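A.B. asks: Output the structure for:
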Amino acid sequence: NAALQYLQKCFDNDYENIIKRHQKTNELFVTTAQIYYLYLLSNEKTKLNRDSEKYFFNQMKAHWAYFNLYDKAITAIVMNKFGEKNTAKEILKSLRENSETKNFEMYWPKNIASFYWNEQPIVTQCAIIEAFETVGGSEKEIEMMKIWLLSQKQTQQWENEIATVNAIYAILSGGHFSTK
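C.D. replies: Below is the predicted model:
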């Protein structure tokens with residue numbers, strides 16, 4: 001609980017600094033850390049009560065199209081859990097439009113490794129799987145994403161322990177998965 005209180009204080013400080021420095025608050029002022037904090041909250045509660053939570057939630061809602069794949073997936077989950085079902089579905093539609101399907105696999109060509117942990121292909125694919133499971137992707141889509149995960153393990157190693165844990169969780173979670 002102390003950790004959550006500390007994060008809330010940091011979150012509130014970010015909000016206060018933005019409000020002090022910028023009269024016009026409809027510009028993009030949301031960071032990856034703030035997106036993750038709202039994701040954490042979405043697992044704990046069903047309503048946003050604080051001005052800072054509402055502000056950053058609205059920032060995510062307005063600017064999700066500019067996010068990387070991982071943050072788009074997390075935003076879809078947050079939007080869905082806090083009742084913004086239409087925005088969550090819009091994000092899924094966008095993810096779907098930018099995906100490729102080949103050899104019974106569904107993946108994202110722009111999902112390439114970068115410096116940050118949240119811009120690694122396996123971790124990103126797992127977040128997208130969670131978004132599709134949470135918001136309402138089809139079982140076929142989810143299975144094809146899981147097949148892509150397994151094919152990555154067959155052809156190369158997963159990036160690190162975090163990626164491995166995420167991949168195993170993604171493969172075992174949700175609906176049915178066929179190994180055929």
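
A.B. asks: which residues of this structure score low on pLDDT?
C.D. replies: Within the chain, the segments meeting pLDDT under 70 span 23-28, 118, 154-155, 157-161, 174-180.

A.B. asks: Which stretches in it count as strands?
C.D. replies: Remark: strands assigned in the chain by DSSP state E are 100-102, 105-107.

A.B. asks: Quick check: which of the ones you listed is buried the most?
C.D. replies: Highest mean neighbour count among these (mean count of other Cβ atoms under 10 Å): strand 105-107, with a mean of 21. C-beta coordinates here come from the backbone N, C-alpha and C atoms, glycine included.

A.B. asks: Contacts for the longest helix anywhere in the chain next, please.
C.D. replies: For the chain, the longest helix by residue count, based on DSSP state H, is helix 2-21. With contact meaning Cβ atoms under 8 Å, 6 or more residues apart in numbering, helix 2-21 is reached by 25, 29, 31, 34, 37, 40, 44, 50-53, 55-56.

A.B. asks: So which of the strands of the chain is nearest Glu141?
C.D. replies: Distance to Glu141, taken as Cβ to Cβ, is lowest for strand 105-107 among the strands of the chain, at 5.7 Å.

A.B. asks: Please name every helix or strand in contact with the closest one.
C.D. replies: In terms of contacts (3 or more Cβ pairs under 8 Å, 6 or more residues apart in numbering; DSSP states H and E), strand 105-107 is packed against helix 139-155.

A.B. asks: For the helix it packs on, name the packing helices and strands.
C.D. replies: Other elements packing on helix 139-155 under the criterion 3+ Cβ pairs under 8 Å, 6+ apart are strand 105-107, helix 121-135, helix 161-172.

A.B. asks: want to throw those into CSV with distance to Gln8?
C.D. replies: Below are the helices and strands packed on helix 139-155 laid out as CSV (distance: least, Cβ to Cβ, whole Å):
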stretch, distance to Gln8
strand 105-107, 36
helix 121-135, 23
helix 161-172, 25
